[in-house]
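S.K.: structure here, sequence nowhere to be found:
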């Protein structure tokens, strides 16, 4: 699609609309279901059982909207006609690996997974950096105003942090041969998992945090604890880097199981 667009502002408008609508649909569905439709039924299973105030929702949406302006500007600049040829953007996977369907499918899946792996590493170290005592109160504290986050908090960043977060985009665009579909899938999964991470409810089953596979995967409980304590649990998709560097909260497994033990009537 972007190959045929030569107007920067048209590209900018398309990307902004796409990012905003996707965020609105994903975060909106999560919010409507867990915070409105099933609010009373699921209340005992809320990770932090108190619900945020209305002004918290408004603040999260406002900062997220500003974030998408920044994300859009970065992506539009990378794909503007003068710069686009320098990226690894291709019209189709066949331009990258040839016409063999099996190779195309394998590359498409592998390429998206590689984007996720690179992003996971980038996010961990960037996240640790903005928690530095000199940066946190200026930059990252905005995100932690959501002490008890909701799906709307997924992109509620200070503008500088939003820019820093999305510098992963040019890194991927200039280094990994890709198509627009691959980029859209990566960023779509990022939006979905980020909204889940800030959901305030845990969707994974009991015992997941200590399972041989589950122990390496980030959860809503894990990230909720990050918002609550701001001293641990820095991962995005996985806990690989948190476990390697010993930054998983000591009471993570205990908290995960406590949340999953709750019954719908509030008894333990």
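M.R.: Nice, I can see it. Treat the numbers as computed from the prediction; the structure is a model and nothing was measured. Numbers count the residues shown, from 1 in each chain.
S.K.: I'd like the next helix or strand past the host helix or strand of residue 228.
M.R.: With elements delineated by DSSP states H and E, residue 228 resides in helix 220-229, which encompasses its position. Going down the chain from helix 220-229, the next helix or strand is helix 240-244, by DSSP H and E.
S.K.: now do the buried residues in the helix or strand that comes right after that following helix.
M.R.: From helix 240-244 onward toward the C-terminus, using DSSP H and E, the following helix or strand is helix 252-261. Within helix 252-261, the residues that qualify as buried are 252-253, 255-256, 259-260, counting by 16 or more other Cβ atoms under 10 Å. Every residue, glycine included, has its C-beta placed from N, CA and C.
S.K.: need these in TSV (columns: pLDDT).
M.R.: As requested, the buried residues of helix 252-261 are arranged in TSV below (pLDDT from 0 to 100):
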residue	pLDDT
252	98
253	98
255	97
256	97
259	96
260	95
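S.K.: what's the most distant pair in those residues?
M.R.: 252 and 260 (12.6 Å; Cβ to Cβ).
S.K.: got the phi/psi numbers for residue 19?
M.R.: Geometry field for residue 19 lists phi and psi as phi -60, psi -40, criterion degrees, to the nearest 10.
S.K.: please shift the residue numbers so they start at 100 in all later answers.
M.R.: Happy to do that; since the first residue is 100 now, the last one works out to residue 118.
S.K.: in space, what's closest to it - neighbours in sequence excluded?
M.R.: residue 167 (4.7 Å; Cβ to Cβ, 6 or more residues apart in numbering).
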